[in-house]
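J.: fold the following for me, if possible:
(one chain, ligands or ions: 1)
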Amino acid sequence: MLRRFTKTLSSSLSCQHHSRSFKQVHVDGEGGYSEAKVEETLKYLPGGEILLDLNHSDATAVLQISNVSKRNAFTGNMMLELRRAVNELKTWHEGKAVVICGAENMFCSGSDISAIRAFSRPEDGKRLCMYMHNTMHALQHLPQITLAHVEGNAMGGGAELMTACDFRLMSSDAQCQFVQKKMGLVPGWGGVSRLLQLVGRQTTLKLLLSAEKLNAQRAFELNLVDDILDIHENEVTPNATKHESPALIWAESMFQLYQLDCKLAQSIKLDVIKCRNMSNLEDSYKSEIQFLSLVWGGQANRNALLKSVHGRSTKSSDL
Ligand SMILES: CC[C@H](C(=O)O)C(=O)SCCNC(=O)CCNC(=O)[C@H](O)C(C)(C)COP(=O)(O)OP(=O)(O)OC[C@H]1O[C@@H](n2cnc3c(N)ncnc32)[C@H](O)[C@@H]1OP(=O)(O)O
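T.: Sure thing, here's the model as predicted:
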């Protein structure tokens, strides 16, 4: 079940003018692919849930993967719920950041092996993976800053899921493993393409060929993760809510997230990912100008101009 815990704020806070929708990678009808058909099968693979908790007051969300008895493996039902949650976030124009984490100090053990069995014919497996490609692509292009908080294990598809986020943060005792080789497979959730972008060809090959189990320090040295979160017990309040998540504390310390203007945060995020996907520099500059036009003269820009370089107020008549 996809749950929402918090109330919607008034639309006056909206910064929806610059939401961008990205094309699906695999389109209905191409090579007989049908999202509806995949979804029909996924419906019959029950168990687990994806919990989406939108906190409108601080413009952050927590998306939790939960299937504790199977170490947060993805059932068919969870694949459907992940897609729904990502679709909801796509249109959340007031959101600045989303943390993706797993229930009970475990990130995710990848696909539920029973789901792989249900799609055992090669053409079915291909369609399942096309579906997950589309979900990962949409996640990667969300307007909010996405942070994977890896505790416990990130295995197989779980390791691929972290690579679809903007930032990866690992608890000091967590582990990550591209274990697909041991399943007789290559990654099925688009992990090869994203790993190549993150760590380059040699490291991608090594990680996939060896299925090496990476601890947080090794993942950090390989540039696979951005930081190691070493939260000591006495630093965590016993009744801490999800929105006091260590990943959000990290984002606040890095980017002053809570003061950051939402429109500006989303523009920076989308500007970077759009240019990242362009091979041609001229097109990339043109895209940058579109994003610049969205924020130039906007609220955050006007507020900044009211201050002098030393933070003192300037007369508005000077502007
Ligand atoms: C297209 C393929 C896809 C991709 O890469 O794109 C994939 O993700 S393939 C799946 C790859 N994942 C794995 O191979 C992970 C398998 N799991 C483990 O290695 C361990 O369970 C681990 C390290 C996550 C946790 O180890 P721990 O000792 O803490 O727990 P157990 O091994 O005893 O597991 C407890 C319980 O969970 C079941 N389990 C774990 N992972 C899965 C899974 N992926 N699918 C289904 N079930 C899973 C495990 O069988 C145990 O069940 P039980 O009934 O208690 O025996």
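
J.: where in the chain is pLDDT low?
T.: By pLDDT under 70, the low-scoring segments of the chain are 1-22, 231-243, 310-319.

J.: what's the domain layout of it?
T.: As given by the TED database, the domain ranges for the chain are 35-257, 261-308.

J.: quick one, helices of the stretch 101-250 of the chain?
T.: Applying DSSP state H, counting those that start in this stretch to the stretch 101-250 of the chain gives helices spanning 113-118, 122-140, 157-163, 191-210, 216-221, 246-255.

J.: make a markdown table from those helices and add mean neighbour count and distance to Arg71 to it.
T.: Placement of C-beta: from N, CA and C, glycine included. Output for those, formatted as a markdown table (neighbours: other C-beta atoms under 10 Å; distance: least, C-beta to C-beta, whole Å):
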| stretch | mean neighbour count | distance to Arg71 |
| --- | --- | --- |
| helix 113-118 | 16 | 11 |
| helix 122-140 | 19 | 18 |
| helix 157-163 | 28 | 9 |
| helix 191-210 | 16 | 18 |
| helix 216-221 | 17 | 18 |
| helix 246-255 | 18 | 20 |
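
J.: okay if I get these as a markdown table plus distance to Leu169?
T.: As requested, the helices of the stretch 101-250 of the chain are exported to a markdown table (distance: least, C-beta to C-beta, whole Å):
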| stretch | distance to Leu169 |
| --- | --- |
| helix 113-118 | 27 |
| helix 122-140 | 16 |
| helix 157-163 | 9 |
| helix 191-210 | 14 |
| helix 216-221 | 9 |
| helix 246-255 | 5 |
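
J.: now these as a markdown table including distance to the ligand?
T.: Shown next, in a markdown table, are the helices of the stretch 101-250 of the chain (distance: least, C-beta to the nearest ligand atom, whole Å):
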| stretch | distance to the ligand |
| --- | --- |
| helix 113-118 | 4 |
| helix 122-140 | 6 |
| helix 157-163 | 3 |
| helix 191-210 | 7 |
| helix 216-221 | 15 |
| helix 246-255 | 21 |
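
J.: neighbouring strands - and their directions - for the helix or strand containing Val98?
T.: Assigned by DSSP states H and E, Val98 belongs to strand 97-102. Take DSSP bridges as the rule and strand 97-102 pairs in its sheet with strand 60-66 (parallel), strand 145-150 (parallel).

J.: keeping just the C-alphas, turn the first one into PDB.
T.: It refers to strand 60-66. The C-alpha trace of strand 60-66 is given here as PDB (Å, rounded to 0.1, in the frame of the first residue of the first chain):
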ATOM      1  CA  THR A  60      11.300  16.700   2.100                       C
ATOM      2  CA  ALA A  61      10.100  13.100   1.700                       C
ATOM      3  CA  VAL A  62      11.200   9.700   2.800                       C
ATOM      4  CA  LEU A  63      10.600   6.700   0.500                       C
ATOM      5  CA  GLN A  64      11.000   3.500   2.400                       C
ATOM      6  CA  ILE A  65      11.400   0.000   0.900                       C
ATOM      7  CA  SER A  66       9.800  -2.500   3.200                       C
END
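
J.: give me every residue that touches Asn223.
T.: Residues in contact with Asn223, defined by C-beta atoms under 8 Å, 6 or more residues apart in numbering, are 198-199.

J.: and it, how far from Thr204?
T.: As judged by C-beta to C-beta, to the nearest Å, Asn223 and Thr204 stand 12 Å apart.

J.: from Asp58, how far out is the closest residue to Ala300 other than its chain neighbours?
T.: Spatial nearest neighbour of Ala300, excluding adjacent residues (C-beta to C-beta, 6 or more residues apart in numbering): Asp261 at 3.6 Å. Counting by C-beta to C-beta, the gap between Asp261 and Asp58 amounts to 14 Å.

J.: distance from the chain centre to stretch 134-152, please.
T.: 1 Å (C-alpha atoms, centre = their mean, to the nearest Å).

J.: let me know the secondary structure of the residue lying closest to Leu142 once chain neighbours are set aside.
T.: The shortest distance from Leu142 to any non-neighbouring residue, by C-beta to C-beta, 6+ apart, is to Leu89 (5.3 Å). For Leu89, the assignment made with DSSP: H, G, I helix; E, B strand; the rest coil gives helix.

J.: contact residues of the chain facing the ligand?
T.: Within the chain, the positions adjacent to the ligand are 70-71, 73, 109-113, 116, 153, 155-157, 160, 179-180, 183, 185, 187-189 by C-beta under 6 Å from any ligand atom.

J.: hmm, try it at 8 Å
T.: 69-71, 73-74, 106, 109-116, 125, 128-129, 132, 152-153, 155-160, 175, 177-180, 182-183, 185, 187-189, 191 (C-beta under 8 Å from any ligand atom).
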